[in-house]
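Engineer: pasting the sequence and the predicted model now:
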Amino acid sequence: MEAVTSVSGRAYPWGQKNVDTDVIIPAHWLKTITRAGLGRGAFETVRAVPGNVFDDPAYAGAPILIAGDNFGCGSSREHAAWALNDLGIKAVIAPSFSDIFSGNAFKNGIVTVVLPQEAIDRLIEVAKTDPISVDLEHMTVTTPFQDRFEFSLDPFRRECLMHGLDEIGLTLERDEAITRYEAEIDGARPWVSQRAA
């Protein structure tokens, strides 16, 4: 997983509430055997409407999405986080998130920032013309107009995001202790590893 200490740039000023995972990535995209290319299906039903924010050239490649309350509700498909990643979104700012989506986003290196609706409204206005910055080190979202919104994040998730540690990375950090334990088990209980045979 790639380390994320800050995310800066244009933001999709969407603000839609109760966006479920079927809107983020429709079910017929779930048949793929790879994560690559899911960005093409991201927000497919929204993108079918002419003039939508996701196909507006002004926001092309935007790394931030500003959404409404209860973002990521619905089914638990991890494909939703994969699709956002493939679309280039590294942070989503909303008043609240589905717990399962928030967990999937974290495991895929996407920062989920919870801010009150007033802050969301302000960020949507700013995002129409200017960039936004999400800073994990200082736990703030800022704009070029001196707006500064503080947010909180689970300390474990923050640490993992800032150091690029997914579950595999966390395990590899303990490689020395795991190797030592396995050697002790081999010596004390060779029948466990069956390497003695």
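Structural biologist: That came in fine, so what should we check first? As the structure is a prediction and not an experimental result, all values here were calculated from the model.

Engineer: how many other residues sit next to Asp135?
Structural biologist: If you count neighbours by other C-beta atoms under 10 Å, Asp135 ends up with 15. For every residue, glycine as well, the C-beta is placed using N, CA and C.

Engineer: ok, it touching Thr142?
Structural biologist: Yes - here Asp135 reaches Thr142: they are 7.0 Å apart, a contact under C-beta atoms under 8 Å.

Engineer: for the chain, what spans make up the helices?
Structural biologist: 21-24, 44-47, 79-87, 99-107, 117-127, 155-163, 167-173, 175-188, 190-193 (DSSP state H).

Engineer: count of neighbours near the closest residue to Asp121 other than its chain neighbours?
Structural biologist: Spatially, and ignoring its direct neighbours in sequence, Asp121 is nearest to Gly15 (7.8 Å; C-beta to C-beta, 6 or more residues apart in numbering). Residues near Gly15, counting by other C-beta under 10 Å, number 21.

Engineer: quick check: which ranges of this protein have low pLDDT?
Structural biologist: Confidence mapping of the chain against pLDDT under 70 gives the ranges 193-197.

Engineer: tell me which residue lies nearest the centroid of it.
Structural biologist: Geometric centre of the chain, nearest residue: Ile110, 1.9 Å, by C-alpha atoms, centre = their mean.

Engineer: for Gly72, see how far away that one is.
Structural biologist: Going from Ile110 to Gly72 by C-beta to C-beta, to the nearest Å gives 10 Å.
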